[in-house]
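mind looking at a prediction? Sequence and model below.
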Amino acid sequence: MSKYPKIGIRPIIDGRLGGIRESLEDTTMNMARAVAELYNSTLKYPDGSPVECVIADTCIGGVKEAAACADKFEANNVGVSLSVTPCWCYGSETMDMNPVTPKAIWGFNGTERPGAVYLAATLAAHNQKGLPAFGIYGSDVQDMGDAVIPDDVKSKLLSFAKAGLAVAMMRGKSYLAIGSVSMGIVGSIVDPDFFQQYLGMRNEYVDSSEVLRRIEQEIYDREEFQRAIEWTRSNCREGQDLNREEKIKSREEKDSDWEFVVKMTLIIRDLMTGNDKLHEIGFSEEAHGHNAIVSGFQGQRQWTDFLPNGDFSEAILNSSFDWNGIRAPYMVATENDALNGVSMLFNYLLTNTAQIFADVRTFWSPEAVKRVAGWETSGRAKDGFIHLINSGSATLDGSGRQQLGGKPAMKPFWEISEQEAADCLDATTWYPANRDYFRGGGYSSKFLTKGEMPVTMCRLNLVRGIGPVLQIAEGWAIDLPEEVHETLDKRTDFTWPTTWFVPRLTGNGAFRDVYAVMANWGSNHGAISFGHMGADLITMAAMLRIPVNMHNIDPANIFRPSAWASFGMDPEGSDYRACQVYGSLYK
C-alpha cells in the first residue's frame, strides 16, 4: 500500500458571532493542531512514515461548514474522523454524518465554556441517529486555552486513532486465498460475506497450481532469485534430517527443494502485491498482483503430498527481513486459515509488528509437567502453561532476539537493527520437513521464543446465529529450564518453532486458570503479537461491530463508543447487544 488513509480533525465552535465565536477561534483551531501534532509525532503507518492529518479549513459552527469539511475529507482520503471542541456548539448541525468512518469527539474539560455539554449532547445525537461515536473527556479541569493534552485524554486519542486507522486501512483491500480448504479447517472455508460486510474487503482466489506454473515457466524476477538463493544459503542454517532413513532425501534433492521454496516465496509475494519486474520480462498480467493486505496458502494436503511445503515461504514473508534487507512483514496464514490471517492482520495494523501464527497446541498442567519432566513449576509457569507451536510458519521475529530496553521484543521494522535481524536468523534452524506430514519435503523453521516477552494472542471466529466474535488473551512468553523444554518439546514435532505461553489470569470465567483459557479457545490457531495491546483490539472490534467473547483486559482500559452504555450495565452483554443492533459496518 502506498496511499494510506488520513485522520481528519474537525474543530467545532460555537457559531454565534458578535463576540462568542471570535473569542474561541484561536483556542479551537489550536486544539485541533495540538492533536494533529500528537498523531504526527507518535503514530506511524506500516511503512514507517508518520501518520498524516487533515484539519478542516475553518472551525465548524454550523451545517455549511460541516459539509465543506466533509468534502475536504473525501478529497483527501480521510478514513478516521475526530471532532474537538473547547465549548458548547450546535450538536446535530456540526456532527460527522459519514456512516462508515470511525468517529470520536474530544470535549475539553473546562469551566469557562461547557465543552462537556457539547460532548454529551452530540454523543446523544450520534446514538439517536445510529452513528456510534467515541467520547473523550479528561478527568481533570483545565484552564481555557491550555494547550497541554492530559495523559488520560492522550491515551484515548491514541487508542481511537490506532483502531480507526486499522479499520480504514483494511477497507478496499483483498484477502488472497492461494488454494482452497486445508484438511477441513473451517477457517480456510473463506467466507466472502464476512470480509465484505465487516471489513470492507474483497476476496481473491488463486489455485495452488498458479504457484507451480510460475515456477515451471520462470515467472519471477530471476535476478532477485539469484540474490535470494545466495542469501538463503548463507543465512538459513539447515538442521539434521530427523526423518526415517527411507524418507531422507539426497543432497541433490534437498538443494533442489531450497531453490523451489525460495521461488515459492517470491511468487506468493508477487501474487499478493504485484511486481513491476514481471512486466519487464513479458508478464504484464501477472505483474499486477491482487492488492492483498493478507493472504493464505492452503498447502496441506494436495500440495504437500508431492511438493515442498510452504513453511519457509510463510515464515520468511511473515518476518521483517529477507534478502532485500529489513522491511515490513507480510501477513500470510498457514493452511489458508483466513480467520487467523485476519487475526494476524488486526494485530499487525495496531502494532506495525510481525506476527506469530501458531497452533494453540497443548495445556501443560503443573501435575503433568512434574510427571513427564520432573519439574515443580514456579514463577509465571506455576499454574501451568500453553504450548504454541505450528509447522514452521511463525515469523522469525518471534524468536525474541530483538530488544527494547534490554528485554526480548518484536519491533516495527524501522526500529530493527541489522544485528537483531541476524540474531533472529542465527536463532533459527531449518530442518528438512517431517515427511510423515509433508510427503513432498521442504523445510520447517525451528526456534524457541525467549521468555519474559509480553504478548497478546487473539482469534476471530464465526459463529452461526451471532456472526464474528473475537477472543483475546494477554500474557507472556516464558522460559522453561532447558532440560524441561527439551523433554516437553520432543513430545511433539521437534522441527517446529515453540512459544511457551502463560495468559494473565483474572480468577473468573475463561481466565479463572490456564486450563480454562485453553478450554475456551475457539479454534486450533491463534495470532500472537508483541506487547499487551488487547485494549486496542477491543476498541477496533467495537468499530467493526464484532463482539468480544473472551478477554482478560482491565475494565478501566476498555474504550468503546458511548452508545454501548445504553445497552445495559453488563459490559460483555452490552457489547453483544450493541453489535447485534448496529450490524456490520459495511451493509
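Perfect, I can see it now.

what ranges do the strands span in the stretch 151-300 of the chain?
174-178, 202-206, 237-238, 292-297 (DSSP state E, counting those that start in this stretch).

tell me which of the ones you listed lies nearest to residue 492.
strand 237-238 (21.1 Å; Cβ to Cβ). Quick note: C-beta positions are derived from backbone N, CA and C, even for glycine.

pairing partners for the closest one, with directions?
Strand 237-238 sits in its sheet next to strand 429-432 (parallel), going by DSSP bridges.

so what's the gap between the strand it pairs with and the chain middle?
When C-alpha coordinates are averaged (Cα atoms, centre = their mean, to the nearest Å), strand 429-432 and its chain have centres 27 Å apart.

how about stretch 444-455?
Per Cα atoms, centre = their mean, the centroid offset for stretch 444-455 relative to its chain is 18 Å.

which residues in the stretch 451-587 of the chain form strands?
For the stretch 451-587 of the chain, the strands defined by DSSP E, counting those that start in this stretch occupy 453-463, 467-477, 498-503, 525-530, 548-550.

and the ones you listed: which comes nearest residue 21?
Closest approach to residue 21 among the strands of the stretch 451-587 of the chain (Cβ to Cβ): strand 548-550, 42.0 Å.

quick one: list the elements packing against that closest one.
Where contact means 3 or more Cβ pairs under 8 Å, 6 or more residues apart in numbering; DSSP states H and E, strand 548-550 is packed against strand 467-477, helix 534-544, helix 571-582.

if we go to 7 Å?
Packed against strand 548-550 by the contact rule (3 or more Cβ pairs under 7 Å, 6 or more residues apart in numbering; DSSP states H and E) you find strand 467-477.

follow-up on the earlier one: nearest to residue 583, out of the strands of the stretch 451-587 of the chain?
So among these, strand 467-477 is nearest, using Cβ to Cβ, at 8.8 Å.

that closest one vs helix 534-544, what angle?
170 degrees (axes from the mean of the first three to the mean of the last three Cα atoms, to 10 degrees).

chain center to strand 467-477, what's the gap?
Distance, centroid of strand 467-477 to centroid of chain: 12 Å (Cα atoms, centre = their mean).

and for stretch 221-233?
With Cα atoms, centre = their mean, you get 29 Å for stretch 221-233.

can I get it as PDB, trimmed to CA atoms?
Output of stretch 221-233 as PDB, limited to C-alpha atoms (Å, rounded to 0.1, in the frame of the first residue of the first chain):
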ATOM      1  CA  ASP A 221      12.400 -11.900 -11.000                       C
ATOM      2  CA  ARG A 222      15.300 -14.200 -12.000                       C
ATOM      3  CA  GLU A 223      17.900 -11.700 -10.800                       C
ATOM      4  CA  GLU A 224      16.200 -11.400  -7.400                       C
ATOM      5  CA  PHE A 225      16.000 -15.200  -7.200                       C
ATOM      6  CA  GLN A 226      19.800 -15.500  -7.600                       C
ATOM      7  CA  ARG A 227      20.300 -13.000  -4.800                       C
ATOM      8  CA  ALA A 228      17.700 -14.700  -2.700                       C
ATOM      9  CA  ILE A 229      19.100 -18.200  -3.000                       C
ATOM     10  CA  GLU A 230      22.600 -17.000  -2.200                       C
ATOM     11  CA  TRP A 231      21.300 -15.100   0.900                       C
ATOM     12  CA  THR A 232      19.400 -18.200   1.900                       C
ATOM     13  CA  ARG A 233      22.400 -20.500   1.700                       C
END
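
give me the number of residues near residue 251?
Look at residue 251: counted by other Cβ atoms under 10 Å, it has 7 neighbours.

how close does it sit to residue 334?
According to Cβ to Cβ, to the nearest Å, residue 251 and residue 334 sit 28 Å apart.

dump the residue contacts of residue 386.
When contacts are counted by Cβ atoms under 7 Å, 6 or more residues apart in numbering, residue 386 touches 360, 362-363, 501, 514, 517-518.

now do residue 495
By Cβ under 7 Å, 6+ apart, residue 495 lies in contact with 242, 431, 434, 444, 446.

helices and strands around the strand or helix carrying residue 342, which ones?
Counting by DSSP states H and E, the element that carries residue 342 is helix 338-351. Here helix 338-351 touches helix 151-170, strand 174-178, strand 292-297, strand 332-334, strand 453-463, strand 525-530, helix 534-544, going by 3+ Cβ pairs under 7 Å, 6+ apart.

closest one to residue 356 among these?
Within these, the stretch nearest residue 356 is strand 525-530; the backing value is 3.9 Å (Cβ to Cβ).

direction included, what does the closest one pair up with?
Using DSSP bridges, the strands paired with strand 525-530 are strand 356-364 (antiparallel), strand 453-463 (antiparallel).

point out where the stretch 401-550 of the chain drops to low pLDDT.
Within the stretch 401-550 of the chain, no stretch has pLDDT under 70.

list the contacts of the helix holding residue 342.
162-163, 166, 169, 175, 177, 187-188, 190, 293-294, 296, 331, 333, 355, 357, 458-462, 525, 527, 529-531, 533, 536-537, 540.

check what pLDDT the residue nearest in space to the middle of the chain gets.
Nearest residue to the geometric centre of the chain (Cα atoms, centre = their mean): residue 347, 2.0 Å. Among the per-residue scores, residue 347 holds a pLDDT of 98.

again with the one 5 residues further on
pLDDT, residue 352: 98.

what about the residue lying closest to it once chain neighbours are set aside, neighbour count?
The shortest distance from residue 352 to any non-neighbouring residue, by Cβ to Cβ, 6 or more residues apart in numbering, is to residue 412 (4.1 Å). Residue 412 has 18 neighbours, counted by other Cβ under 10 Å.

wouldn't residue 412 be in contact with residue 328 here?
No: judged on Cβ atoms under 7 Å, residue 412 makes no contact with residue 328 at a distance of 8.3 Å.

tell me how far the closest residue to residue 180 other than its chain neighbours lies from residue 451.
Nearest non-adjacent residue to residue 180, counting by Cβ to Cβ, 6+ apart: residue 298, 5.7 Å away. Applying Cβ to Cβ, the value for residue 298 to residue 451 is 33 Å.

name the residue in these two with the higher neighbour count.
Counted by other Cβ under 10 Å, residue 298 and residue 451 do not tie: residue 298 has more neighbours, with 25 against 19.

contacting residues for that one?
178-180, 182, 188, 208, 335-336.

where in the chain is pLDDT low?
1-2.

could you give the number of residues near residue 453?
The tally of other residues near residue 453 (other Cβ under 10 Å) stands at 23.

show me what it is bridged to.
Following DSSP bridges, residue 453 is listed with bridge partners residue 477.

is it true that residue 264 touches residue 211?
Yes: counting by Cβ under 7 Å, residue 211 is a contact partner of residue 264 at 6.0 Å.

more crowded one of those two?
A direct count of neighbours by other Cβ under 10 Å for residue 264 and residue 211 places residue 264 higher, at 28 against 23.

measure the more buried one to residue 215 for me?
7 Å.

contact partners for residue 409?
402-403, 453, 530.

hmm, 10 Å instead?
By Cβ atoms under 10 Å, 6 or more residues apart in numbering, the contact list for residue 409 reads 353, 397, 400-403, 415-416, 420, 450, 453-454, 530-531.

tell me which residues of stretch 314-327 come out buried.
For stretch 314-327, the neighbour count (16 or more other Cβ atoms under 10 Å) marks 314-323, 326 as buried.

much appreciated, bye for now.
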